[in-house]
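> One predicted model, sequence on top.
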Amino acid sequence: MKKFLILALILGLCGSLFAKGAGQAGGAAGGGGGGGQMIQGANVPRNQTIILENPGGRANPADYFNRWSGWNTSYMGGLQQLGCDSLWYIDPDAGINGAWENALASEPPTYNSTFTEMSVKLRQGIYWSDGVQFTADDVIYTIETLKKNDGMYRTSTFRTYVDRVEKINDFAFKVYLKIPNSRFHSNFTVRWDATFIMPKHIFEKAADVKTFKFNPPVTLGPYTLKDYDPQGYWYLWEKRPDWQRTTLALMGSLENAPKYAMYVDGGTSDVKVMSMRNHQIDVIHDMAVEGAMTLKRTVPTVTTWFPDFPWGHPDPTLVSCVLNCDKPGLNNKDVRWALALALDINRIAMASYRGAMTISAIALPPTGNYPKYYHLPMEQWLKDYTLDLGDGTTYKPYNPNASMEIADAARKIHGSAVPSNPDEIRKFLGAGWWKYDKAAAEKLMIKGGMKRNAQGIWQFANGQPFKMAFIGQTDSEPSQNRGAAMVVELWKEFGIDISLTVTSSFNDYTLPGNFDGVFFWNIETWGGHPDLSNFLTAFHSSEYVPIGQRAGRNWSRWRNPKLDANITESLKYGMDDPKIVELGKEFVKIATDDMFQIPISSYNVFTMMDTYYWTGFPSINNPYTDPVPNWTNSRYMYVKLRSTGKN
């Protein structure tokens, strides 16, 4: 008789997982074998199932799968990784066959000489999970639907750029653009996500495409939804019997991939440690560094991206103090610069990552090829950069030794695991950052129209209070949670009247503009390519909406005419043109001078992978993809994963 594996450590808050009686599951095809433990409630064999954390936690509502309208953490519960697909992919690491992948498109896009027309040829032989063939009709429907309906995914982008779409035949189409855009294809190029393709034959029957739940989802990816917890704590996906008719099959066989994939709310770091110790979860999205160190020390089957310090995967994502540039006070760059100089990056690094943080002084993450293209070549410019403090003095704010100072502090905790070689320190921890100088910050606050009250708290020169509502993540993202708390502590020490709210629902605050600052990110690069198009066009003034209106991608509401000109110029060149890096450096200079947000670090994710049931996970020595499980590109793991044969 099969014994039952109870995931109480992972899902102790959701008894609904155990509400169903467990019985015999189907055959053992696709990883593992018969005769092993069963996952009670999900009713599938443990050794045929890979269990991954959904960092979004509980999805509410649990039955909403419309990836094109609104936001729900169900999207990270396997939908975008295993169910959705788009035209191209750029892997943040090396990729399986290189960083670029032609997915639903059979080849890269082609443009006319003025970049006002984009032609695309589609791959034949790809089918939706209900047996309907994927064609150009689906892509055209997607573009036209998102353009037509307010507030859907990238509606403002499609309205800005798309004039019309022409069907050439069932597997070819052409987009006519209103203005030149050599990066229009980036809207359909997956990095963390992209514009995924909608099944026309399903959505055209919906009474309202914006409220349609798309349940159950009809998928283009290699898995279909088998079951989910009505309370939103887990989602179970099953490998399609016709997985050969999906684009992931182009990367390799899925014959031995897990038959089932389960995405779960992992709970707190302590719960995750206990769960992985008992082999009740295979991939932890992120956790506190103390938990990561404990697992590495006590569980021989646990592996990480780096085998030792700094352990975590450095995502090509820039964690920043993102400021609302439309708020009084924060709409002044002198005030923003003052806030930057009131931060001690050493204390932030030690509080959030215990020193295992890769810092960046510029508005680009210090990961992938970006140090080679941007950080290192611009080091001298940063050293020479000068501020006018408003009292007749000038000031050079850059500290080129910031990462060395962080390494010294981290070595007191981690010992010899922290490198002492300056080149290795820069590789792992970044280069310099801005000086912690409250005296210079004081002068900039005064220059920006601020003064202190009798209690030493900053206010506007007219006596009106200057208050900041700052937002951080919950402890499900422990490093980010701690980082936000330290930022608030430092600004309080400087005399800022500031409060901290922690939430997993950032969009409720950021999109309508109901915030002053957040410890989060809105700059996400390709990672493997120096082009900045993945995020840059979001900051064009055409994407701006005032506070009170729901923003699209430019929820920080930063506008700068120099940046508009930079974006317009960059879109005149192909993605691989050498001019792109030079224009990228100009963006860095504009962003630094404006200090529209305060860059902190790359998002170093302590993704933990247990090789007890499954092997083949990516690592720095085999960097075929990003292991962080909510990334769409993490689907590549399913090509490489192999069962250990354990029951």
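Thanks, I have the structure now.
> what packs against the host helix or strand of I202?
Here I202 is covered by helix 200-203, with elements defined by DSSP states H and E. Counting contacts by 3 or more CB pairs under 8 Å, 6 or more residues apart in numbering; DSSP states H and E, helix 200-203 packs against helix 136-148. From N, CA and C alone the C-beta is placed, and that goes for glycine too.
> contacting residues around the nearest residue to T246 once chain neighbours are set aside?
When the adjacent residues along the chain are set aside, T246 lies closest to P222, with 4.4 Å between them (CB to CB, 6 or more residues apart in numbering). Counting by CB atoms under 8 Å, 6 or more residues apart in numbering, P222 touches 82, 239-240, 243, 246, 248-249, 254, 257, 635, 638.
> Out of these, which is nearest to N421?
N421 lies nearest to R635 out of these, by CB to CB, at 36.4 Å.
> where does the closest one land on pLDDT?
If you check R635, the pLDDT there is 97.
> and it, that one's in a helix?
Yes. Assigned with DSSP: H, G, I helix; E, B strand; the rest coil, R635 falls within a helix.
> Neighbours of it, how many?
R635 is flanked by 26 other residues according to other CB atoms under 10 Å.
> what's the neighbour count on the residue lying closest to it once chain neighbours are set aside?
Closest residue to R635 apart from its sequence neighbours, by CB to CB, 6+ apart: Q81 at 5.1 Å. Look at Q81: counted by other CB under 10 Å, it has 27 neighbours.
> which SS class is Q81?
helix.
> That one contacts T632, correct?
Yes. Counting by CB atoms under 8 Å, T632 is a contact partner of Q81 at 5.6 Å.
> where do the contact lists of these two overlap?
Joint contacts of Q81 and T632 (CB under 8 Å, 6+ apart) do not exist.
> Closest to the centroid, which residue in this protein?
For the chain, the residue nearest the mean C-alpha position is W192 (5.7 Å; CA atoms, centre = their mean).
> In contact with it, which residues?
317, 524, 630-633.
> Show me which of those residues is closest to D286.
N630 (9.5 Å).
> how much space between that closest one and K259?
Distance check for N630 against K259: by CB to CB, to the nearest Å, it reads 21 Å.
> again with K205
For K205, the distance to K259 (CB to CB) stands at 31 Å.
> buried ones in stretch 304-317?
Residues of stretch 304-317 classed as buried by neighbour count (16 or more other CB atoms under 10 Å): 304-306, 309-317.
> quick one: which of those sit in strands?
Judged by DSSP state E, strands contain the following of these: 313-317.
> Surely Y624 touches L641?
No. With contact defined as CB under 8 Å, Y624 does not reach L641; the gap is 11.4 Å.
> In this structure, where is pLDDT below threshold?
The model of the chain has pLDDT under 70 over residues 1-36.
> What are the structural domain limits within it?
What automatic domain parsing lists as the domains of the chain is 4-82+220-310+607-643, 85-203, 315-605.
> so which of these gets nearest K213?
Taking CB to CB, domain 4-82+220-310+607-643 is the member of the domains of the chain nearest to K213, at 5.2 Å.
> if I look at K259, how far off is G41?
17 Å.
> Have a look at those two and say which one is more surrounded.
Remark: of K259 and G41, K259 carries more neighbours, 26 against 23, as counted by other CB under 10 Å.
> Contacts only, for A207.
If a contact means CB under 8 Å, 6+ apart, then A207 has no contacts.
> oh, I was asking about N481
472-475, 502.
> can I assume it sits in a helix?
Yes. Counting by three-state DSSP, one finds N481 located in a helix.
> Quick one: the helices in the stretch 151-300 of the chain, in order.
155-161, 200-203, 269-277, 289-298 (DSSP state H, counting those that start in this stretch).
> Give me the distance between the closest residue to S504 other than its chain neighbours and W458.
Nearest non-adjacent residue to S504, counting by CB to CB, 6+ apart: T474, 5.3 Å away. T474 sits 28 Å away from W458, taking CB to CB as the criterion.
> In terms of neighbours, single out the busier of those two.
Neighbour totals were compared for T474 and W458, and W458 leads with 25 against 14 (other CB under 10 Å).
> The more buried one: what's it in contact with?
Taking CB under 8 Å, 6+ apart, we find W458 in contact with 445, 450-452, 466, 494-497.
> what bridges to it?
Counting by DSSP bridges, W458 forms beta bridges with R452.
> what's the distance between it and S275?
45 Å.
> mind listing which of the contacts of N481 are in strands?
Reading strands off the contacts of N481 with DSSP E, I get 472, 502.
> Dump the contacts of N481 to CSV, plus distance to N215.
Conversion of these to CSV gives the following (distance: CB to CB, whole Å):
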residue, distance to N215
G472, 32
Q473, 28
T474, 26
D475, 30
V502, 30
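> Quick one, which of the contacts of N481 are buried?
Buried among the contacts of N481 (16+ other CB under 10 Å): 472-473, 502.
> out of those, who's nearest S533?
Closest to S533, out of all of the buried ones among the contacts of N481 and judged by CB to CB, is Q473, at 26.8 Å.
> My guess is the closest one contacts Y509. True?
No. Using CB under 8 Å, Q473 makes no contact with Y509, being 12.0 Å away.
> any residues in contact with both of the two?
Joint contacts of Q473 and Y509 (CB under 8 Å, 6+ apart) are T503.
> so I598, which of the three states?
strand.
> Which residues does it form beta bridges with?
Bridge pairing for I598 - DSSP bridges - gives C321.
> and I600, what does it touch?
318-321, 345, 348, 359-360, 483, 519.
> Kindly recompute the last result at 7 Å.
The neighbours of I600, taking CB atoms under 7 Å, 6 or more residues apart in numbering as the test, are 319-321, 348, 359, 483.
> cool, N102 as well?
N102 neighbours (CB under 7 Å, 6+ apart): 88, 108.
> Repeat the analysis, applying 8 Å as the threshold.
87-88, 108, 123.
> swap in T142?
68, 195-198, 200.
> Does Y75 fall in a helix, a strand, or a coil region?
Under three-state DSSP, Y75 comes out as helix.
> Could you give the number of residues near it?
Neighbours of Y75 (other CB under 10 Å): 24.
> Hmm, V175 is touching F158, no?
No. If you go by CB under 8 Å, V175 and F158 don't touch, sitting 9.6 Å apart.
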